[in-house]
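Asker: From the sequence below, what's the structure:
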Amino acid sequence: QVQLVESGGGLVQAGGSLRLSCAASGRAFSNYAMGWFRQAPGKEREFVAASTWNGDSTVYTDSVKGRFTISRENAKNTVYLQMNSLKPEDTAVYYCAALVRIVPAPHVADWGQGTQVTVSS
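Answerer: Below is the predicted model:
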């Protein structure tokens, strides 16, 4: 099991930026692909981005391509989500996840507790 703790959420105006961090502990971080998901009020949790164990390959949902960047530092057991050009529709609770696989569909092994991101118009 991997314990995951997100940070970096907050309130930002549209067009602004935030960087989320997810610190992992427990089983070997570098064994896992890592991902970010989000859940807006009244909506289902959705996939946002994922990175392979070494960061060599990343995938994004279409709505964030070109605006969000996932990265990881295995030496620090940390994965990041840099979010630029934020839009009000990006408002959600963002969850970090340790993934068993990314394709054909992300399969989550462990979840973080989530961090709120609110984008004002």
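Asker: how many other residues sit next to Lys76?
Answerer: By the measure other C-beta atoms under 10 Å, the count of residues near Lys76 is 12. Glycine gets a C-beta too; all of them are placed from N, C-alpha and C.
Asker: How about the contacts made by the nearest residue to it once chain neighbours are set aside?
Answerer: In this structure, Lys76 finds its nearest non-sequential neighbour in Ala23, 7.9 Å apart by C-beta to C-beta, 6 or more residues apart in numbering. For Ala23, the contact set (C-beta atoms under 8 Å, 6 or more residues apart in numbering) comprises 4-5, 7, 76-78.
Asker: Of those residues, which is the nearest to Ala92?
Answerer: Ser7 (15.9 Å; C-beta to C-beta).
Asker: quick one: the closest one and Ser21 touch, right?
Answerer: Yes. Taking contacts as C-beta atoms under 8 Å, Ser7 lies within contact range of Ser21: 5.1 Å.
Asker: neighbour-wise, which of these two wins?
Answerer: Ser21 (17 against 14).
Asker: right, and that one touches Tyr80 too?
Answerer: Yes. Counting by C-beta under 8 Å, Tyr80 is a contact partner of Ser21 at 5.6 Å.
Asker: picking up where we left off before, so what's the residue nearest to Lys76 bridging to?
Answerer: Beta bridges link Ala23 to Val5, Thr78, judged by DSSP bridges.
Asker: can you check Glu73 too?
Answerer: The partner residues for Glu73, given DSSP bridges, come to Thr78.
Asker: Neighbours of it, how many?
Answerer: Neighbours of Glu73 (other C-beta under 10 Å): 12.
Asker: how close does Thr78 sit to Leu4?
Answerer: 10 Å (C-beta to C-beta, to the nearest Å).
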